[in-house]
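Novice: From the sequence below, what's the structure:
(2 chains, ligands or ions: 2)
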There are 2 protein chains.
Amino acid sequence: MSKNLTNRSEDYSKWYNELVVKADLAENSAVRGCMVIKPYGYAIWEKMQAELDRMFKETGHQNAYFPLFVPKSLFEAEEKNAEGFAKECAVVTHYRLQNDPDNEGKLRVDPEAKLEEELVVRPTSEAIIWNTYKGWIQSYRDLPILVNQWANVVRWEMRTRLFLRTAEFLWQEGHTAHATKAEAWEETKLINNVYANFAENFMAIPVIQGLKTESERFAGAEETMCIEALMQDGKALQAGTSHFLGQNFAKAFDVKFTNKEGKQDYVWATSWGVSTRLVGALIMTHSDDKGLVLPPSLAPNQVVIVPIYRNDEQLEKITHVANTIMSDLRGKGVSVKFDNRTTFRPGAKFAQHELQGVPLRIAIGPKDLENGTVELARRDTLTKEIVSLDTLTDTVEQLMTEIQETLFKKALDFRDAHITKVDTFDEFKTVLENKAGFILAHWDGTSETENKIKELTKATIRCIPIDNTVEEGKCVYSGNPSKQRVLFAKAY
Amino acid sequence: MSKNLTNRSEDYSKWYNELVVKADLAENSAVRGCMVIKPYGYAIWEKMQAELDRMFKETGHQNAYFPLFVPKSLFEAEEKNAEGFAKECAVVTHYRLQNDPDNEGKLRVDPEAKLEEELVVRPTSEAIIWNTYKGWIQSYRDLPILVNQWANVVRWEMRTRLFLRTAEFLWQEGHTAHATKAEAWEETKLINNVYANFAENFMAIPVIQGLKTESERFAGAEETMCIEALMQDGKALQAGTSHFLGQNFAKAFDVKFTNKEGKQDYVWATSWGVSTRLVGALIMTHSDDKGLVLPPSLAPNQVVIVPIYRNDEQLEKITHVANTIMSDLRGKGVSVKFDNRTTFRPGAKFAQHELQGVPLRIAIGPKDLENGTVELARRDTLTKEIVSLDTLTDTVEQLMTEIQETLFKKALDFRDAHITKVDTFDEFKTVLENKAGFILAHWDGTSETENKIKELTKATIRCIPIDNTVEEGKCVYSGNPSKQRVLFAKAY
Ligand SMILES: [Zn+2]
Ligand SMILES: [Zn+2]
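Specialist: Ligands and ions are numbered 1, 2, ... in the order given. Modelled structure (predicted):
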């Protein structure tokens, strides 16, 4: 495994692409824009899934599964949603292949097996789900419905990048139904909070919660909440969204219920999702020129033990020590792997675990056997220390917490140092060019100004932060009055 | 929720369909042949997934994820595999919809957005995976690869039934690569054993392990192992398969490696899978005319507590007792739900939990409060007893094991009582007609005879059991010599 990554300062984008492939996280496939998520990358995604799934269930949600395909007539029912996704969807038109008469051993689409109605491969599942909910909801007693789905979705993106933007990706999509507007709003906020907690406490990624502007909203939503993170190159990344859908889908699919007063009303809806894109956010938040850096909560192996030996006798003794360490650490809930492969030398193992971001490395050599010590190396700070076996378990346990906190703190400091208030458009452009990061500026609230700024600078309004304070000001572009600053950035 | 299921004896197939829908497990969707798995059904599938995933990981496997789509040119590379699935695959031909100029508000496939190469929605992933493995394998050091994927697949079946046969289904598919034939064979057997253990010890479904005949083999496999279960109507159900693929896929995708001796060789392969079909097997093995019966290992709620009260004061006291019971049971790892919904009466709750197969029901009424007791009802035996609160936790804990064992024993007795040895074709037909179940009969080993028997009786060879004893005999159909009996049945 070659360690030589391009430096971030040299070419951030190249560094990212190389890291993903060299750390064995994912690779491009034979299908345009679709990736293969390799076991190491998938193990990280599994950790995310497990924690999110726990959080969803704790807040009363259940999982279910809805069809991969959406018949065209359902797909087009909610007009804005359809318009938003029509331009990038994979369409199934036939259900059979046959031998190609002109080409022996080859197959072709059987022209006789054309579907009467085309099927869209789900880019998102509101349509198929609300068509289903119609059968589930008659009365307020059937509400709320709090359902989540873990699934693959397909959006035919033209420019794709591993994890960040792929034609097929894995995600979870929650779809809830409520009797009142207030309850649907509470759900929208609850989930955005779950996402923010997950990002900060589990992924060690600081995020800003906010509302999207109209032009950045989910197609079919009345409001979109989001969490926005900042990557090391100063570009923002939308890490999760929670949509208040109003009664749009209930109206499109005619989903009414009898309320407590015996009156008919349309059902209120939310939907929300995070995806394998989070793996990209994880990489770009914490990693360095030597490779991946993982917070302990997300590391498939939190600790790796590498034996250093010249003969079998030494290896046997080291193995004995390693087994004790592993049993102690596992007892404390720390995952640990003994890398006793004979096909690689210690140096190669060190390099691989560094590249793959294992939070702690324990090396045990002949000297350590004599002294009752090990060498402990931290991936995040790249520091090493000699630790006595007596205190090793406690030290490792403490470091799990410390590394997690250090990574969050570091990312938070970086993020906070890259939020800049600006009051003129010149300043806006200068900051964007030279410092990048988030820009807090006044905006007159019109899509026209928003589009103009995007056209001129490529910066978009990432969100209107929810903890905004009222502040009289003038729009950084138009000079028109504004009541609050909004968050701009160039974004992934 | 209406309880009135058709009796099994009256119409088994109708009973099954009604049960699936009324117990809230799944329903048909707007997409032909595709089902919606409802939260209660999905919770059962999640239990299966968790246990299988644990078993796979314990035996050294890792999860990964490969694309949903298979380019046609890859799909057709392994000829037998392609031939086996070509007639039932969904094909993506376009990647965009546009506004229909003839039909305002409607969409149509954009004729300009035709794919250069069609994409097959994976019916199984050998092709896309072996095309990927080509890049992962150079040397024996890269082997074995022990990878599993949890995914959806699509097979355009013409006649579908909820869980048993659906156009889209959820499954896991393992795909392993090995340096030697022997190792690949060991893997094939290991996994078939994992499946058998899972079916018997977790699902309480007795199974027979065996080898498929050539005509029942997976398309592209050299051998297929399977586990076969028997349903209550005397029909067999293939519950899992493990395929020894030889070097077929390695040759089709040119996957070679340098072995320890420095020579080039093709890689050996296995693949194996179980699917949401298992939910169908579960239902048809244990359930009765009153609804679903679940083994405790698979029950989303193992125990439900129903309060019976006339006023708020009583409910408050019952709630207090219920909270203590729940905390005690959860401490023992038993999942329990307090059904304190005010929108349903106790009778309706009893009916629902019976229909949904909750293994144990605890009812607490005013009398119980006075006596320090509860009423405990078993779903499997439909028996009730009054139990003192002092011994309740222990009793419930013991019953979890006992119910699991009782269900397995009952299914095993039924299965064993429905394996019949026959020696003439008349007997074969009579048994099949009047008793059904598995038939052990001599077979001459030819596909011709196998097909003829299928044509005449609809019975197929389910497998050649792996624990077969050599026994000289004559084929039940042709009279030709045979060395062992094989297992026939009509099958799902
Ligand atoms: Zn900077
Ligand atoms: Zn019988």
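Novice: average pLDDT for the longest helix anywhere in chain A?
Specialist: In chain A, with assignment by DSSP state H, the single longest helix is helix A:389-417. Average pLDDT, helix A:389-417: 98.
Novice: if we look at the next helix or strand after that helix, which residues are touching it?
Specialist: The helix or strand immediately downstream of helix A:389-417 is strand A:419-421, counting by DSSP states H and E. Residues from elsewhere that reach strand A:419-421 (C-beta atoms under 8 Å, 6 or more residues apart in numbering or on different chains): A:431, A:435, A:437-441, A:485, A:487. Every residue, glycine included, has its C-beta placed from N, CA and C.
Novice: Filter those residues down to just the ones in helices.
Specialist: Per DSSP H, the contacts of strand A:419-421 map to helices at A:Val431.
Novice: now for the contacts of strand A:419-421, which pair is the farthest apart?
Specialist: Taking C-beta to C-beta, the two most distant members of these are A:Lys435 and A:Arg485; they sit 16.9 Å apart.
Novice: the more surrounded of the two?
Specialist: A:Arg485 (21 against 12; other C-beta atoms under 10 Å in any protein chain shown).
Novice: Do you know the pLDDT at that one?
Specialist: 97.
Novice: hang on, it packs against A:Phe428?
Specialist: No - if you go by C-beta atoms under 8 Å, A:Arg485 and A:Phe428 don't touch, sitting 11.7 Å apart.
Novice: Now do the shared contacts for these two.
Specialist: In contact with both A:Arg485 and A:Phe428: A:Ala441, using C-beta under 8 Å, 6+ apart.
Novice: hang on, the earlier thing: please point out which parts of the longest helix of chain A sit buried.
Specialist: Of the residues in helix A:389-417, A:389, A:392-393, A:395-396, A:399-400, A:403-404, A:406-408, A:410-411, A:414-415 count as buried by neighbour count, 16 or more other C-beta atoms under 10 Å in any protein chain shown.
Novice: for that helix, packing partners?
Specialist: Contacting helix A:389-417 under the criterion 3 or more C-beta pairs under 8 Å, 6 or more residues apart in numbering or on different chains; DSSP states H and E are the following elements: strand A:223-230, helix A:277-286, helix A:312-331, strand A:360-364, strand A:373-378.
Novice: could you give the angle of the shortest one to helix A:389-417?
Specialist: Between the axes of strand A:360-364 and helix A:389-417, defined by axes from the mean of the first three to the mean of the last three C-alpha atoms, to 10 degrees, the angle is 150 degrees.
Novice: for the residue sitting nearest the centre point of chain A, what are its contacts?
Specialist: With distances taken as C-alpha atoms, centre = their mean, the residue of chain A nearest its centroid is A:Leu278 (1.7 Å). Counting by C-beta under 8 Å, 6+ apart, A:Leu278 touches A:48, A:203, A:239-240.
Novice: Next to chain B, which bits of the stretch 151-300 of chain A? Give me the list.
Specialist: A:151-152, A:154, A:156, A:168, A:170 (C-beta under 8 Å from any C-beta of the partner chain).
Novice: can you tell me which of the buried residues of helix A:389-417 lies nearest to B:Ser297?
Specialist: Among the buried residues of helix A:389-417, A:Met400 lies closest to B:Ser297 (C-beta to C-beta), at 32.6 Å.
Novice: what about the closest residue to chain B within the stretch 201-350 of chain A, neighbour count?
Specialist: The stretch 201-350 of chain A approaches chain B most closely through A:Thr343 (5.2 Å), counting by C-beta to the nearest C-beta. Number of residues near A:Thr343 (other C-beta under 10 Å) recorded here: 8.
Novice: Disregarding residues adjacent in the polypeptide, which is nearest to it?
Specialist: Computed as C-beta to C-beta, 6 or more residues apart in numbering or on different chains, the closest residue to A:Thr343 that is not its neighbour in sequence is B:Arg141, at 5.2 Å.
Novice: Could you verify that the one you found is part of a strand?
Specialist: No - checked against DSSP: H, G, I helix; E, B strand; the rest coil, B:Arg141 lies outside a strand; its state is helix.
Novice: What does the pLDDT read for it?
Specialist: Turning to B:Arg141, the model gives it a pLDDT of 93.
Novice: before we move on, what about A:Asn4?
Specialist: So A:Asn4 comes in at 85 (pLDDT).
Novice: where does chain A dip in pLDDT?
Specialist: A:1-3 (pLDDT under 70).
Novice: Was I right to think the residue nearest to A:Thr343 contacts A:Thr342?
Specialist: No - between B:Arg141 and A:Thr342 there is no contact under C-beta under 8 Å: 10.3 Å.
Novice: What is the neighbour count of the residue of the stretch 151-300 of chain A found nearest chain B?
Specialist: Closest residue of the stretch 151-300 of chain A to chain B, C-beta to the nearest C-beta: A:Trp156 (4.3 Å). Using other C-beta under 10 Å, the number of residues around A:Trp156 comes to 23.
Novice: repeat for the one 3 residues further on
Specialist: A:Arg159 is surrounded by 6 other residues when neighbours are defined as other C-beta under 10 Å.
Novice: just A:Val303 next, same as before
Specialist: 25.
Novice: residues in contact with it?
Specialist: A:Val303 is in contact with A:329, A:334-337, A:358-362, A:396, counting by C-beta under 8 Å, 6+ apart.
Novice: can you tell me the residue of the stretch 351-492 of chain A closest to chain B?
Specialist: For the stretch 351-492 of chain A, C-beta to the nearest C-beta, closest residue to chain B: A:Gln352, 13.3 Å.
Novice: That residue: helix or strand, and which one exactly?
Specialist: Assigned by DSSP H and E, A:Gln352 belongs to helix A:346-355.
Novice: How far does that helix sit from its chain's centre?
Specialist: Between the centre of helix A:346-355 and the centre of its chain there are 27 Å (C-alpha atoms, centre = their mean, to the nearest Å).
Novice: If we go by neighbour counts, what in it is buried?
Specialist: Buried residues in helix A:346-355, counted by 16+ other C-beta under 10 Å: A:349-355.
Novice: Next: stretch A:105-125.
Specialist: A:107-110, A:113, A:115, A:118-125.
Novice: Rebuild these as JSON lines, extending it with secondary structure and distance to chain B.
Specialist: Rendered in JSON lines, the data for the buried residues of stretch A:105-125 read as follows (DSSP: H, G, I helix; E, B strand; the rest coil; distance: C-beta to the nearest C-beta, whole Å):
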{"residue": "A:Leu107", "secondary structure": "strand", "distance to chain B": "5"}
{"residue": "A:Arg108", "secondary structure": "strand", "distance to chain B": "8"}
{"residue": "A:Val109", "secondary structure": "strand", "distance to chain B": "6"}
{"residue": "A:Asp110", "secondary structure": "coil", "distance to chain B": "8"}
{"residue": "A:Ala113", "secondary structure": "coil", "distance to chain B": "8"}
{"residue": "A:Leu115", "secondary structure": "strand", "distance to chain B": "9"}
{"residue": "A:Glu118", "secondary structure": "strand", "distance to chain B": "6"}
{"residue": "A:Leu119", "secondary structure": "strand", "distance to chain B": "7"}
{"residue": "A:Val120", "secondary structure": "strand", "distance to chain B": "7"}
{"residue": "A:Val121", "secondary structure": "strand", "distance to chain B": "7"}
{"residue": "A:Arg122", "secondary structure": "coil", "distance to chain B": "10"}
{"residue": "A:Pro123", "secondary structure": "coil", "distance to chain B": "11"}
{"residue": "A:Thr124", "secondary structure": "coil", "distance to chain B": "14"}
{"residue": "A:Ser125", "secondary structure": "coil", "distance to chain B": "11"}
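Novice: rewinding a little: just read off the phi/psi values of the residue of the stretch 201-350 of chain A closest to chain B.
Specialist: Per-residue torsions, A:Thr343: phi -90, psi 0 (degrees, to the nearest 10).
Novice: Which of the buried residues of stretch A:105-125 sits closest to B:Thr180?
Specialist: For those, the nearest to B:Thr180 is A:Leu107 (32.8 Å; C-beta to C-beta).
Novice: residue contacts, the closest one?
Specialist: A:97-100, B:72, B:75-76, B:82, B:86.
Novice: ok, now with 7 Å
Specialist: Contact analysis of A:Leu107 by C-beta atoms under 7 Å, 6 or more residues apart in numbering or on different chains lists A:97-100, B:72, B:76, B:82, B:86.
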